[in-house]
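Chemist: Any chance you can model this:
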Amino acid sequence: MDKNIFRIKKFIALFLAAGLALTGCSQAALQKAGTGKENSQVNNTSAQGQKNLEIHFIDVGQGSSALVESNGHYMLIDGGDSKYASRVVSYLDDENARKLDYVIATHYDADHLNGVVGALEAYDASVVIAPDYKAESKIYKSFTNVIKEKDIKITYPETGKKYKIGDAEFTILAPNDTHYDDANDYSVAIKLVNGNNTFILTGDAEIESEYEMLETGIDLSCDVYLAGHHGSRYSSSEAFLQAMQPESVVISAGKNNRYGHPSDEAMARFNAMGCDIYRTDQLGDIIATSDGKNITFNVKKSSGGSKKKKNGTTKTKGDFVGNVNSKKFHEKDCGSVPDEENRVYFSTADEAENAGYEPCGNCKPE
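Modeler: Model (predicted):
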């Protein structure tokens, strides 16, 4: 069958499924409807029992990066764009993730791949999983160079294949084809399981790849979903969400990004299902902690470790305030701190500088 005709049929089937889902939501979805919210604050209550898995959704602006830790074993999934690559490496260092069991480059867009290259240059990785296609970009060339220099064999994703990481395991969900018109659909997608807790991360996979994941017959139910393609309207389709039934959605996107992510359409779908929503553009780094039974969310209190001023007072999150217009950062009590709508908060001066902000000449933050 002609591939284009096949894809047209797939899309028709998908949108029919989406329409059915809209008119026949599951009982769980109906019970949750109307309770969805964008969280301005997160739960600071610790999970009961052993915290044997954490997923750090690292704030990399308009990009994506996640660090998984289970029982002293680490996996990096993507690494953000070039201006955040050093921050990702510093984050790994802070978390003692200097030996990576797995690195997943979901696909080869710069806003996912730069930090991966930085991490591979800085640390050893046992297994590197990446899709089987080529890109014409400088960062893809840098990726292939570091793979060659460190004599790393790329593991191409095989749908259904399972991997152990500490006390947890993950299953490859996508890609499910060898040729796509849109490179986003080559994205490596996984389902991560820790006891009874489940997480799905899909890179920038869009509707075609989502439909293929539905076709595999793999159980896609999950507790936490990292929104595909930063909350693009072309991802997180109704049918895909109905299969997952996520309780919580994490969105990795940059403040006031030029793409308008997350889209109104995707947000409406998340809210219609009653999902709790956590956004890096609003909250910064987000940490999901699982003990195998319960999942709690928290904001990282300090990236790069606590930093002290000369008078010995400890700096904590929010002590440094950036101005998104001037790209300067200040002590929180500086007279030049901008209005709330133009603020971004940093834990340390290093974090602010790594994000491209310069110190204020008046309060001289350090």
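Chemist: okay, now Ser326: neighbour count?
Modeler: 14 (other C-beta atoms under 10 Å). Where C-beta positions appear, they are placed from N, C-alpha and C, glycine not excepted.
Chemist: My impression was that it belongs to a helix - is that right?
Modeler: No - per DSSP: H, G, I helix; E, B strand; the rest coil, Ser326 lies outside any helix segment and is coil.
Chemist: ok now do it, which residues does it touch?
Modeler: Shown in contact with Ser326 (C-beta atoms under 8 Å, 6 or more residues apart in numbering): Pro338.
Chemist: how about it, phi and psi?
Modeler: Per-residue torsions, Ser326: phi -90, psi -20 (degrees, to the nearest 10).
Chemist: That one and Ala272: what is the separation?
Modeler: 39 Å (C-beta to C-beta, to the nearest Å).
Chemist: Same check on Tyr133?
Modeler: Remark: distance between Tyr133 and Ala272 (C-beta to C-beta) = 34 Å.
Chemist: can you check His56 too?
Modeler: From His56 to Ala272 the distance is 28 Å (C-beta to C-beta).
Chemist: Compare the two (neighbour count), which wins?
Modeler: Neighbour count, other C-beta under 10 Å: between His56 and Ala272, His56 has more, with 23 against 17.
Chemist: ok, the residue nearest to Asp132 when sequence neighbours are not counted - contacts?
Modeler: Using C-beta to C-beta, 6 or more residues apart in numbering and skipping the chain neighbours, the partner closest in space to Asp132 is Tyr156 (4.5 Å). By C-beta under 8 Å, 6+ apart, Tyr156 lies in contact with Ile129, Ala130, Pro131, Asp132.
Chemist: Got the phi and psi for the first one?
Modeler: The one in question is Ile129. Main-chain torsions, Ile129, degrees, to the nearest 10: phi -110, psi 130.
Chemist: in terms of contact, does it touch Ala189 like I think?
Modeler: No - counting by C-beta atoms under 8 Å, Ile129 sits too far from Ala189 to count as a contact (11.1 Å).
Chemist: so what sits against both of these two?
Modeler: Ile172.
Chemist: Mind checking which of these two has more residues around it?
Modeler: Using other C-beta under 10 Å as the criterion, Ile129 and Ala189 rank with Ala189 on top: 27 against 23.
Chemist: before we move on, back to that, Serialize the contacts of Tyr156 to TSV and add fields for secondary structure and pLDDT.
Modeler: Listed next are the contacts of Tyr156 as TSV, based on DSSP: H, G, I helix; E, B strand; the rest coil; pLDDT from 0 to 100:
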residue	secondary structure	pLDDT
Ile129	strand	98
Ala130	coil	98
Pro131	coil	98
Asp132	coil	97
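Chemist: Need those residues in TSV (columns: distance to Val117).
Modeler: As requested, the contacts of Tyr156 are exported to TSV (distance: C-beta to C-beta, whole Å):
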residue	distance to Val117
Ile129	15
Ala130	11
Pro131	16
Asp132	18
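Chemist: So which of the residues you listed is the closest to Gly195?
Modeler: Using C-beta to C-beta, Ile129 comes nearest to Gly195 of the contacts of Tyr156, at 23.1 Å.
Chemist: Now do the same contact list for the closest one.
Modeler: If a contact means C-beta under 8 Å, 6+ apart, then Ile129 has Tyr102, Val103, Ile104, Ala105, Ile154, Thr155, Tyr156, Pro157, Ile172, Val188 as its contacts.
Chemist: Kindly recompute the last result at 10 Å.
Modeler: Contacts of Ile129 were listed using C-beta atoms under 10 Å, 6 or more residues apart in numbering, and they are 75, 77, 102-106, 154-158, 161, 163, 170, 172, 188, 190.
Chemist: Could you report the pLDDT at Lys83?
Modeler: Reported pLDDT at Lys83 in the predicted model: 91.
Chemist: Over to it: give its phi and psi.
Modeler: Residue torsions, per degrees, to the nearest 10, at Lys83 are phi -70, psi -10.
Chemist: Okay, Met213 and Gly195: tell me how far apart.
Modeler: 23 Å.
Chemist: Name the SS class of the closest residue to Ala122 other than its chain neighbours, please.
Modeler: Nearest residue to Ala122, sequence neighbours excluded (C-beta to C-beta, 6+ apart): Val89, at 5.0 Å. Three-state call for Val89 (three-state DSSP): helix.
Chemist: From here on, call the first residue 7.
Modeler: With the count now opening at 7, the last piece we talked about shows up as Val95.
Chemist: Can you get me a residue count around Val95?
Modeler: 21.
Chemist: Contacts only, for it.
Modeler: Leu82, Gly85, Ala103, Gly121, Gly124, Ala125, Leu126, Glu127, Ala128, Tyr129, Asn360.
Chemist: cool, Ser238 as well?
Modeler: Ser238 neighbours (C-beta under 10 Å, 6+ apart): Asn190, Asp210, Glu212, Ile213, Ala259, Tyr265, Gly266, His267, Pro268, Ser269, Glu271, Ala272.
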